[in-house]
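# pasting a predicted model and its sequence here:
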Amino acid sequence: MNVRRSAATLAASAVLCVGAAPAALADVATPSPAPVVPSGLFGKNDPTYDGVWRQSFALLAQHAVGEKPAQAAVDWLVGQQCADGGFASFRADTAAACDAKTMLDTNATAVAVQALKALGGQDAAVKKGADWLKSVQNADGGWAYVPGSPSEASSTSVVISALAAAGEKSAEVRSKAGKSAYEGLLAFQLGCSAEPADDRGAFAYQPTADGKLPANADATAAAVLAGLGRGALVSPSSTDTPAAPLACPATAGDPAAAAQGAAGYLAQALKKDGHLTALTPGADQPTPDTGNTADAVIALAAAGHKQSAAGALEWLKTNSAEWSKGNPAGLGTLILAARATGTDPKAFGGTDLVAALNATGPAPQSASAKASEQPADKKAEQAGKKDSGGGNVWWMILAGAAAGMGIGIVLSGRRKKNQL
């Protein structure tokens, strides 16, 4: 669920147009005006590629810590939905009806469904979203980022998690060719014959041209939740056992067993450095992958292996502050990781993740109510602090971050939690 994904970027750019990359390069060379961020939306950066995604994670995280999101924030997300139930990554003009040119996005739709279901009171929107997801299922049982493209494990997993949250039985969600959602997902898992042996249990994003399945941490973390029939909102488990490697011979067609095997792969992968790594575009060596590390923590906790996630959780506490600064999806994911492991998100390595998230968007209703109840002298004191210039400094920092995103967003692919 982090940089969703270099492979997805290639697929999306192929659908959009090949000329997008040169245009992005031109934009980097010639700074453009700061984007206009719609009222009700979390985050200050250009929402073109991740508006619905980051809003959904922000709302999920606020709900996870018992806060009631601002109605404007909920309304913004609901307003992004097209009449057929699907969501694009972002629609600037929601007054205009969606048409054939609107690039609907299974990932955005899936996380929006999860968020709206968790918040409650949005049954119609949730049902429409789930129905749309089922309508774009591929013949092999899986899903693609962009409907009509070949299936891949990450999108298939996120959709299964959304359908589970919406009350659907994924084993019974079948394509027109009769393939179930789980048949589509489990086709991407590396089995007992995989080499090296440490890759057994992992999921590939997609097969390579020669049919091989390379292990992919993003796909694997998402597949753990999907195999367990869970979404991103995970409560602390009552059990805590070490994650184990894929049991061989593997149980064919068992999503729960597949999820446990995938959890075993993640636990092993985290042992090397205490975090996951990724090779980003233009880099010579892998660098720490904060987003996927947080996803792995959530997945391991959901599978009942909090102790296997403990080292990565500590690494996140020490190393995630810069990555998550001003990043609603990143802050939301860290809050969900804290919730899943029974950790206080308000004291996460010296950072109050909840306050940091709330500062990126509309204040939750609980916070608004508390502010209105403050004594007049307290309000005046806060107003004085605001006029002292601190707010302007913070805005300058955010504006600088937004200007620096440029091609990073285009190359890293429509999201995501690795945006600065």
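Alright, I've got the coordinates. Residues are numbered from 1 along each chain as shown.
# shaky segments in the stretch 201-350 of the chain?
Counting by pLDDT under 70, the stretch 201-350 of the chain contains no low-confidence residues.
# mind listing the helices for the stretch 301-420 of the chain?
For the stretch 301-420 of the chain, the helices defined by DSSP state H, counting those that start in this stretch cover 306-319, 321-324, 328-341, 353-358, 365-372, 376-385, 391-412.
# figure out the length between the terminal residues of stretch 198-209.
Stretch 198-209 has an end-to-end distance of 22 Å (criterion: CA to CA, to the nearest Å).
# which residues does that stretch contact?
5, 7, 150-154, 157, 185, 188-192, 194, 213-220, 222-223, 245-246, 248, 258, 261-265, 268-269 (CB atoms under 8 Å, 6 or more residues apart in numbering). (Each C-beta comes from the backbone N, C-alpha and C, glycine too.)
# so which helix or strand takes in the closest residue to Asp131 other than its chain neighbours?
Closest residue to Asp131 apart from its sequence neighbours, by CB to CB, 6 or more residues apart in numbering: Gly85 at 5.4 Å. Using DSSP states H and E, Gly85 sits within no helix or strand.
# surely Gly85 meets Ala124?
No - counting by CB atoms under 8 Å, Gly85 sits too far from Ala124 to count as a contact (9.6 Å).
# buried ones in stretch 140-159, by neighbour count?
140-147, 149, 151-159 (16 or more other CB atoms under 10 Å).
# in helices, which of the residues you listed appear?
If you go by DSSP state H, the buried residues of stretch 140-159 have Ala153, Ser154, Ser155, Thr156, Ser157, Val158, Val159 in helices.
# what is the nearest of the residues you listed to Thr290?
For those, the residue nearest Thr290 by CB to CB is Ser154; the value is 17.2 Å.
# from Leu266, how far out is that closest one?
Distance, Ser154 to Leu266, using CB to CB, to the nearest Å: 14 Å.
# same question, Cys98
Look at Cys98 and Leu266: by CB to CB, they are 37 Å apart.
# what do you get for Trp143?
In this view, Trp143 and Leu266 are 22 Å apart by CB to CB.
# I'd assumed Gly326 was in contact with Gly43.
Yes - here Gly43 reaches Gly326: they are 7.0 Å apart, a contact under CB under 8 Å.
# which parts of the stretch 51-200 of the chain are helices?
Under DSSP H, counting those that start in this stretch, the stretch 51-200 of the chain gives helices at 51-64, 71-79, 106-119, 123-135, 153-165, 181-186.
# so which of the ones you listed comes closest to Ala359?
helix 51-64 (11.1 Å).
# just want the angle from that closest one to helix 328-341.
In terms of direction (axes from the mean of the first three to the mean of the last three CA atoms, to 10 degrees), helix 51-64 departs from helix 328-341 by 30 degrees.
# give the rounded mean pLDDT of helix 51-64.
Helix 51-64 carries an average pLDDT of 98.
# using CSV, write out every CA atom in that helix.
The C-alpha coordinates for helix 51-64 follow below in CSV (Å, rounded to 0.1, in the frame of the first residue of the first chain):
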residue,chain,number,x,y,z
GLY,A,51,-6.6,12.7,-3.4
VAL,A,52,-9.0,9.9,-2.6
TRP,A,53,-6.3,7.6,-1.3
ARG,A,54,-4.9,10.0,1.3
GLN,A,55,-8.4,11.2,2.3
SER,A,56,-9.5,7.6,3.0
PHE,A,57,-6.5,6.8,5.1
ALA,A,58,-6.8,10.1,7.1
LEU,A,59,-10.5,9.3,7.8
LEU,A,60,-9.7,5.7,8.7
ALA,A,61,-7.0,6.8,11.1
GLN,A,62,-9.2,9.4,12.8
HIS,A,63,-11.9,6.8,13.2
ALA,A,64,-9.3,4.4,14.6
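# that helix packs against which elements?
Applying 3 or more CB pairs under 8 Å, 6 or more residues apart in numbering; DSSP states H and E, we find helix 51-64 packed against helix 71-79, helix 106-119, helix 328-341, helix 353-358.
# minimum distance to Asn319: which of those has it?
helix 328-341 (11.1 Å).
# that closest one to helix 106-119, inter-axis angle?
Relative orientation of helix 328-341 with respect to helix 106-119: 50 degrees, computed using the same axes, to 10 degrees.
# off-centre distance for stretch 308-315?
Between the centre of stretch 308-315 and the centre of its chain there are 19 Å (CA atoms, centre = their mean, to the nearest Å).
# list the buried residues in it.
Buried, per 16+ other CB under 10 Å, within stretch 308-315: Ser308, Ala309, Ala310, Gly311, Ala312, Leu313, Trp315.
# and which of the residues you listed is nearest Val234?
Closest to Val234, out of all of the buried residues of stretch 308-315 and judged by CB to CB, is Ala309, at 11.1 Å.
# surely that closest one and Leu270 touch.
Yes - Ala309 lies in contact with Leu270 (CB under 8 Å); the separation is 7.5 Å.
# which residues touch stretch 110-129?
52-53, 55-57, 59-60, 63, 69, 74, 77-78, 80-81, 84-87, 109, 130, 133, 155, 158-159, 161-163, 165-166, 231-233.
# 7 Å instead?
52-53, 56-57, 59-60, 63, 69, 74, 77-78, 81, 85, 87, 109, 130, 133, 158-159, 161-162, 165-166, 231-233 (CB atoms under 7 Å, 6 or more residues apart in numbering).
# compute the first-to-last residue distance for that stretch.
8 Å.
# how many other residues sit next to Gly211?
As a burial measure, Gly211 scores 6 neighbours (other CB atoms under 10 Å).
# great, nothing more from me.
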